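**Student:** What follows is a predicted structure for the sequence shown.
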Amino acid sequence: MVVERTSGRYVRQAAGYRAFIPAPLPPIPGIEIDAEMQALLSRADRALGRLDGSIQTLPNPGLFVFMYVRKEAVLSSQIEGTQASINDLLEVEARVFDPKHPKDVGEVLNYVLAMNHGMERLETLPLSLRLLREIHERLMQGVRGNEMKPGEFRTSQNWIGPQGGALMDASYVPPPHGELLNHLGAFETFLHVDIDMPPLIKIGLAHAQFETIHPFLDGNGRVGRLLITFLLCQQEILTKPVLYISHYLKGHRQRYYELLQGTRDNGDWEAWLKFFLAGVSDVSNEATETARRIVNLREGHRQLIARKFGRTAGNAFTTLEHLYRHPIITVNEVAELLGTTYQSANNLMAKFHEEQLVQEVTGHARNRRFSYSSFIRLFSDGGEEAED
């Protein structure tokens, strides 16, 4: 049932278009938590609890968070039209030059930097407009949209519509820039106010309202999805940024956009929140399963090393752990990691390759690079290929 409410109003501007002026959060009347909503909320809470617990029991959670962040970076950027894959991202980070890499891989790299910066800043700075500007600056610096004033709230009208379309053809026009700071001030107040509301409901409302305000000229979708992760961590629902909600949003992209628009046109917050909670539950369960597969993969490979590597097992264990943070590696990097000679490192990686722990990805006799492909596949779309 849709509760009748006004979430804002459309106001015709002097140029003839209609812009949406959102009402501040929380909605009035409040969110109706019916039996379906309560069930979805309970399911999402349980799934997040299992996910956080599974990450805490990993041998070294930091080694695995590295890839979760990159998974979300790739998927969130793909929603905005980028083509780069997680393998493209890892190869560029490993300084593998390949002219076939999509040019937009820089946007995904920036997303990783923005996520890491935000998580570091949250240790000393509450989530705020200041932090969102910092995140936006790192997200947009030096890539497509760089001319759209990275780190600055817009000072002109923007809109959502077909690529290359005119303002008058827009499917949605957010509030005019002259009113922007008032809406952002109310939004920041909502983030900080102590309110009798389930945290996931508040996070779902905050994401939708951010997208409605659309405060930047470009990059609003990516910042809004980062906002979800930051709020989950700030609220201590998750201790690590390991929820790739963009996987769900990408798979239901049109429904995602329709439900956001429904909050504006019809005040239908409940439909959006049910969709959001279902997504949180789904991707939490997927991530928990991925964590289980990581543990199984690591244990299987450690057992293989113990059986097959003899006196070099110690160095092999060290190299294996390193691969969880740097899944693409050179012989020189292995030599530096172990403090050994190039020849010793080369022999070790030859053994890794022989035992199919890694794949050689460059095809060169020298300066070869090796990929921990079985681990990377866990984070490819769906992760179906993962059980090596």
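**Tutor:** That came through, no problem.
**Student:** quick check: longest helix of the chain.
**Tutor:** In terms of residue count, the longest helix belonging to the chain (DSSP state H) is helix 269-308.
**Student:** which strands and helices sit next to whichever helix or strand comes after that helix?
**Tutor:** Counting by DSSP states H and E, the next helix or strand C-terminal to helix 269-308 is helix 313-323. Contacts defined by 3 or more C-beta pairs under 8 Å, 6 or more residues apart in numbering; DSSP states H and E place helix 313-323 against helix 269-308, strand 328-330, helix 331-338, helix 342-354. In short, each C-beta sits where N, CA and C put it, glycine included.
**Student:** orientation of the third one relative to helix 313-323 in degrees?
**Tutor:** Here helix 331-338 runs at an angle of 110 degrees relative to helix 313-323 (axes from the mean of the first three to the mean of the last three C-alpha atoms, to 10 degrees).
**Student:** I'd like the mean pLDDT over helix 331-338, please.
**Tutor:** Mean pLDDT, computed over helix 331-338, is 95.
**Student:** which one of the helices and strands packed on helix 313-323 is the most hemmed in?
**Tutor:** Most buried of the helices and strands packed on helix 313-323, by mean neighbour count (mean count of other C-beta atoms under 10 Å): strand 328-330, with a mean of 22.
**Student:** Now for the closest residue to Asp169 other than its chain neighbours, how many residues are close by?
**Tutor:** Nearest residue to Asp169, sequence neighbours excluded (C-beta to C-beta, 6 or more residues apart in numbering): Gly161, at 5.5 Å. For Gly161, the neighbour count with other C-beta atoms under 10 Å is 14.
**Student:** follow-up on the earlier one: next, the angle helix 342-354 makes with the longest helix of the chain.
**Tutor:** Going by the same axes, to 10 degrees, helix 269-308 makes 110 degrees with helix 342-354.
**Student:** looking just at contacts, which helices and strands does helix 269-308 meet?
**Tutor:** Short answer (3+ C-beta pairs under 8 Å, 6+ apart): helix 269-308 packs on helix 35-56, helix 61-79, helix 199-213, helix 246-251, helix 253-265, helix 313-323, helix 373-377.
**Student:** try 6 Å
**Tutor:** helix 35-56, helix 199-213, helix 246-251, helix 253-265, helix 313-323 (3 or more C-beta pairs under 6 Å, 6 or more residues apart in numbering; DSSP states H and E).
**Student:** For the residue nearest to Asp169, report the pLDDT, please.
**Tutor:** For Gly161, pLDDT reads 84.
**Student:** Need phi/psi at it.
**Tutor:** Note on Gly161: its backbone torsions stand at phi -180, psi -180 [degrees, to the nearest 10].
**Student:** Looks like it contacts Tyr172 (just checking).
**Tutor:** No. Counting by C-beta atoms under 6 Å, Gly161 does not reach Tyr172; the two are 7.6 Å apart.
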